[in-house]
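> Could you look at this predicted model? Sequence included:
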Amino acid sequence: MALNSRSPLLDSLGWVDYAFQPAGAAPPADAAYGHQRHSASVVMDSENVPPKSCESDGIIGTGDRAVAVYTADCLPVLIADDKQKHVAAVHAGLKGTLRGVLYRAVEKLCERGATPDSLFLAIGPAIAPCCYELGQNMLSEIAQTTGVPQPVRWHQQQPHNPQAVRAQAQAQQQGIWFDLPGLAKQMLMASGIPAAHIDHIQVCTYCMAEAGSSYRYNSHFSSGYQSRYSWIRRRSSG
Ligand SMILES: [Zn+2]
């Protein structure tokens with residue numbers, strides 16, 4: 001199944017190459033990526049050559065090397081700084097997002113000369129509100145976390161996804177349906193990034209993406225899952 005995983009915004013820049021690869025496909029041979037721990041740690045690419053040299057959930061590239069993250073249901077976020085021509089890849093699951101990994105990535109790019117309005121971002125395939133049930137207790141925890149913009153986006157009723165290619169997640173508890181990509185976008189905007197600079201590729205890993213994409217689907221059906229690598233690099237001038 002061919003899903004459209006292109007970001008018109010990143011495509012429009014003209015100086016980046018990037019991909020939200022299908023689950024199970026190998027990353028570029030030179031890609032730097034961290035040993036991911038749902039942390040707010042963001043490092044330079046040189047610190048993760050070879051890959052997984054250190055723990056990090058965000059990685060910044062200042063040269064031609066690809067920087068990558070691997071995800072299942074978590075958000076892969078790719079960032080391009082149009083001013084310095086730097087790039088970043090961020091692994092933003094719920095935990096890492098609440099710990100501030102997106103804020104940290106923006107901050108670190110800005111320490112290197114970016115400004116929030118010079119950043120262009122794409123949020124890739126991730127679990128969407130149509131399939132992401134959380135307990136009520138989690139919702140209060142999220143709402144009370146420092147740095148979380150209000151109001152927090154969630155649905156009482158499970159949203160129907162007309163584009164689903166397999167059954168949506170079944171309710172497992174009297175929970176709520178959480179909008180993690182929505183939270184990420186709110187936080188990025190709270191960092192000063194214009195909404196028009198944020199693309200969201202609306203592919204739910206649970207019910208829309210290729211088989212083997214979803215950690216949660218696997219936990220419901222023991223069907224197995226594989227990581228999706230998402231990467232970005234400055235296009236080589238040579
Ligand atoms: Zn879904």
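The structure has been received and is ready for your questions.

> now the protein, which segments are flagged as low pLDDT?
1-3, 238 (pLDDT under 70).

> now the strands: where do they sit in it?
Along the chain, counting by DSSP state E, strands occupy 16-20, 42-44, 58-61, 67-71, 75-81, 86-92, 119-123, 133-134, 154-155, 176-178, 198-200, 228-234.

> Go ahead and confirm residue 128 touches residue 204.
Yes: between residue 128 and residue 204 there is a contact at 3.8 Å, judged by CB atoms under 8 Å. Backbone N, C-alpha and C define where each C-beta goes, glycine included.

> hang on, the earlier thing: any chance of the strands of the chain in TSV, with distance to the ion and mean neighbour count too?
Converted to TSV, the strands of the chain look like this (distance: least, CB to the ion, whole Å; neighbours: other CB atoms under 10 Å):
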stretch	distance to the ion	mean neighbour count
strand 16-20	16	22
strand 42-44	29	21
strand 58-61	25	28
strand 67-71	15	28
strand 75-81	14	28
strand 86-92	18	29
strand 119-123	15	25
strand 133-134	11	18
strand 154-155	12	18
strand 176-178	10	21
strand 198-200	14	20
strand 228-234	15	26
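
> any chance of the ones you listed in CSV, with distance to residue 8 too?
Listed next are the strands of the chain as CSV, based on distance: least, CB to CB, whole Å:
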stretch, distance to residue 8
strand 16-20, 12
strand 42-44, 26
strand 58-61, 22
strand 67-71, 21
strand 75-81, 13
strand 86-92, 17
strand 119-123, 9
strand 133-134, 31
strand 154-155, 27
strand 176-178, 26
strand 198-200, 7
strand 228-234, 15
